[in-house]
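A.B. asks: Next come a sequence and a model predicted from it.
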Amino acid sequence: MKKHQNIKLLKRFLPYYKKYKWILVFDLFCAALTTVCELILPMIVREITGAASETMTLTASLIIRCAVLYIVLRIIDTAANYYMSSIGHIMGTKIETDMRHDFFAHLQKLSFSYYDNTKIGSLMSRITSDLFDVTEFAHHCPEEFFIAGIKIICAFVILCSMSIPLTLLTFSVVPPMVVVLMSFNRKMKEGFRDSRKQIGELNSQIEDSLLGIRVVKSFANEKIEQRKFDSGNEKFLSIKKRVYHLMGGFHSSTRLFDGIMYITVITAGGFFMLAEKISAPDYIAYVMFVSTLITSIRRIVEFAEQFQRGMTGIERFSEIMDTEPEIVDRQNAEKLTDVKGEVKFSDVSFSYETEKKKVLAHVNLTVRAGESIALVGPSGGGKTTLCSLIPRFYDVTEGKILVDGKDIKDVTLASLRNNIGVVAQDVYLFSGSVKENIAYGNENASDEEIIEAARLAGAHDFILSLPDGYDTYVGERGVKLSGGQKQRISIARVFLKNPPILILDEATSALDNESEKLVQASLEKLAKGRTTFTIAHRLTTIRNADRILVLTENGIEEEGSHTELVEKGGLYSELYKLYSEL
């Protein structure tokens, strides 16, 4: 099962060599040259000792020719090693870069539901440290196995030419050695997998703690965070200790079998020489070849640790790459163009995978182009979920949603989302300048268009008051700006995008009264002429909406203008009175 799994992982990895096949071929050619250089040395020694002991024809000329040959071989070996160490490693790094590109591109395709259940720190561990191990694997794996294969085969043939019985006796040590080491290998791979998993958990815990550092300090809970970190850190230590015990057993077993092979050659070879079944020059060459053979086996054994790290990295890479995005374009999806903004919900139901209960059940709603719709109601009624279905952040469980009469599943995701702007309560600003964050709405926008978008959002004046104006660094997640400032930058971003459909998800609920007024004025400018869905808890901000929908777990319970719903005396009226009394 493990062997089959390794073959499957290798098949998944091999296509990454395709772009660099000629580099790989020449790298293996250099590996062959270094191997030949190494194998010729015992033959040179055999030639010299044979000439000295048997025929007594050893001359200065023979010694010099052998020395010159060895020097030439060493020059070739040095050049080949340089190529392997430099260009070979660069090839491995390029493969790592390609894999990281594919990994990140795949992460961009995965749906919201995947990120709802996945720790970001774990993904960061996979895209960095795991793939670094793959780099070493990509470079050394073909080399090491190729070199070992040449050495073992050539050494076996040459040794058999000297003494078949002694060679068979020597190689009899190899099968038990392979069995023992493979057992350690299997356990080491499991340990490396556990280690990678735990470091991902640790990264997630660190990220969670540091991103929430203000909450930690406000509750003076540094000790709690330290305890949580220490717990994960100790678990990582225990896993690493287990891995290193296995590594110790692995390397010790290797040295033990090395010794058994050496003592076999020395003892049995001595008796063979005593019985005149092998000559003294052959015996010396034999011992040197066995030394080369053992060195080769040791290198493979030592590489096995790196091999297992690499296979673990490929395995964790494949786990993510094999995760299929839930929301993708249909085969014949068309681009959504010339959008007017009519949105229709036709018998729409939705439930999350982890929940059996439907969040929305059989919702029917038609919103005219340019109409302003407000969604209110108790928490858990499905307001945000309803709006998240329009850009296909999640797919409907039943029914369908149409934009300008077209089923949103029949149009490309990019064209659908390019026509929808979202302003959320939890504003996310990227680490960078104010200008870069506004330009996120349209990467091709000119400076004049960026400034105009900021003016429309009511952000231009405060931006100019910042230390570097539009080039001011906002900090990670916009930490250097106030809530109102961040919100107005996010509104400027949507102004620049200029979408016909707008979703405002409690965009002012986290702001103070002064900031709320400024942001509300910006939102009213933004919503003008667009089909707008507004989710609001502050009911005073939606009194001018064309229609207000009261959404509960039972569906749309009430519908009408602010005045109509207040006069009706139903749920909306109660909510409005309750809010007015606050």
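C.D. replies: That came through fine. Numbering: from 1, shown residues only.
A.B. asks: I'd assumed Ile327 was in a helix, is it?
C.D. replies: No - under DSSP: H, G, I helix; E, B strand; the rest coil, Ile327 sits outside any helix and is assigned coil.
A.B. asks: distance of it from Ala31?
C.D. replies: 46 Å (Cβ to Cβ, to the nearest Å). In short, each C-beta sits where N, CA and C put it, glycine included.
A.B. asks: Sticking with Glu353, tell me its helix or strand.
C.D. replies: For Glu353, there is no enclosing helix or strand under DSSP states H and E.
A.B. asks: Please name the nearest non-neighbouring residue to it.
C.D. replies: Residue nearest to Glu353 in three dimensions, not counting chain neighbours: Ser113, with 6.3 Å by Cβ to Cβ, 6 or more residues apart in numbering.
A.B. asks: now Arg488
C.D. replies: Counting by Cβ to Cβ, 6+ apart, the residue nearest Arg488 is Ala459, at 4.0 Å.
A.B. asks: For that neighbour, grab phi and psi.
C.D. replies: phi -110, psi -10 (degrees, to the nearest 10).
A.B. asks: got it, and Lys277?
C.D. replies: Torsion angles, degrees, to the nearest 10, at Lys277: phi -90, psi -10.
A.B. asks: could you list every residue that touches Met321?
C.D. replies: Arg12, Asp102, Phe103, His106 (Cβ atoms under 8 Å, 6 or more residues apart in numbering).
A.B. asks: same thing with Asp329?
C.D. replies: Contacts here follow Cβ under 8 Å, 6+ apart; on that basis Asp329 touches Thr412, Leu413.
A.B. asks: how far away is Tyr16 from Asp98?
C.D. replies: From Tyr16 across to Asp98, the span is 6 Å (Cβ to Cβ).
A.B. asks: likewise Gly399?
C.D. replies: Per Cβ to Cβ, Gly399 is found 42 Å from Asp98.
A.B. asks: quick one on the thing from earlier: against Arg493, how distant is the residue nearest to Arg488?
C.D. replies: 10 Å.
A.B. asks: higher neighbour count, the two?
C.D. replies: Taking other Cβ atoms under 10 Å, Ala459 and Arg493 do not tie; Ala459 has more neighbours (28 against 25).
A.B. asks: Go ahead and flag the most central residue of the protein.
C.D. replies: Ile127 (3.3 Å; Cα atoms, centre = their mean).
A.B. asks: re the thing from before, is the residue nearest to Glu353 in a helix, a strand, or coil?
C.D. replies: helix.
A.B. asks: buried ones in stretch 86-105?
C.D. replies: Ile87, Gly88, His89, Met91, Gly92, Lys94, Ile95, Glu96, Asp98, Met99, Arg100, Phe103 (16 or more other Cβ atoms under 10 Å).
A.B. asks: Stretch 206-213 now?
C.D. replies: Quick answer for stretch 206-213 (16+ other Cβ under 10 Å): Ile206, Ser209.
A.B. asks: Residues touching it, excluding its own?
C.D. replies: Taking Cβ under 8 Å, 6+ apart as the rule, stretch 206-213 contacts Ile120, Gly121, Met124, Val216, Glu225, Lys228, Phe229, Arg477.
A.B. asks: residues touching Thr534, list them.
C.D. replies: Ser372, Ile373, Ala374, Leu375, Leu504, Ala527, Thr541, Ile542, Ala545.
A.B. asks: Switch the contacts of Met321 over to JSON lines; also include secondary structure.
C.D. replies: What follows is the contacts of Met321, written out as JSON lines (three-state DSSP):
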{"residue": "Arg12", "secondary structure": "helix"}
{"residue": "Asp102", "secondary structure": "helix"}
{"residue": "Phe103", "secondary structure": "helix"}
{"residue": "His106", "secondary structure": "helix"}
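A.B. asks: Reformat these into JSON lines and put pLDDT next to each item.
C.D. replies: Listed next are the contacts of Met321 as JSON lines, based on pLDDT from 0 to 100:
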{"residue": "Arg12", "pLDDT": "84"}
{"residue": "Asp102", "pLDDT": "89"}
{"residue": "Phe103", "pLDDT": "88"}
{"residue": "His106", "pLDDT": "88"}
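A.B. asks: distance of the nearest residue in space to Ile23 that is not next to it in sequence from Pro378?
C.D. replies: The shortest distance from Ile23 to any non-neighbouring residue, by Cβ to Cβ, 6+ apart, is to Met91 (4.8 Å). With the distance defined as Cβ to Cβ, Met91 ends up 59 Å from Pro378.
A.B. asks: ok, now Glu225?
C.D. replies: 34 Å.
A.B. asks: Kindly report the same for Ala105.
C.D. replies: Ala105 is 40 Å from Pro378, by Cβ to Cβ.
A.B. asks: Ile158: neighbour count?
C.D. replies: There are 19 residues near Ile158, going by other Cβ under 10 Å.
A.B. asks: which residues touch it?
C.D. replies: Counted by Cβ under 8 Å, 6+ apart, Ile158 has contacts Leu39, Met43, Phe289.
A.B. asks: What is the neighbour count of Ala220?
C.D. replies: 8.
A.B. asks: Show me what the helix or strand harbouring His362 is in contact with.
C.D. replies: Element membership for His362, per DSSP H and E: strand 360-367. Here strand 360-367 makes contact (Cβ under 8 Å, 6+ apart) with 342-350, 373, 382, 385-386, 389, 398-399, 531, 533, 547, 549, 555-556.
A.B. asks: Which of these are buried, as a PyMOL select command?
C.D. replies: Per 16+ other Cβ under 10 Å, the buried members of those correspond to this PyMOL selection:
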select buried, resi 342+343+344+345+346+348+350+373+382+385+386+389+399+531+533+547+549+555+556
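A.B. asks: what pLDDT, on average, does the helix or strand Glu319 falls within get?
C.D. replies: For Glu319, the host element (DSSP H and E) is helix 280-321. Taken as a whole, helix 280-321 has an average pLDDT of 79.
A.B. asks: repeat for stretch 547-558
C.D. replies: pLDDT averaged over stretch 547-558 gives 85.
A.B. asks: how distant is that stretch from the center of its chain?
C.D. replies: 41 Å (Cα atoms, centre = their mean, to the nearest Å).
A.B. asks: tell me which element Ile503 falls in.
C.D. replies: strand 501-505.
A.B. asks: repeat for Leu429
C.D. replies: Going by DSSP H and E, Leu429 is not part of any helix or strand.
A.B. asks: do Ala80 as well
C.D. replies: helix 60-109.
A.B. asks: counting contacts, what elements does that helix pack onto?
C.D. replies: helix 21-53, helix 131-162, helix 280-321 (3 or more Cβ pairs under 8 Å, 6 or more residues apart in numbering; DSSP states H and E).
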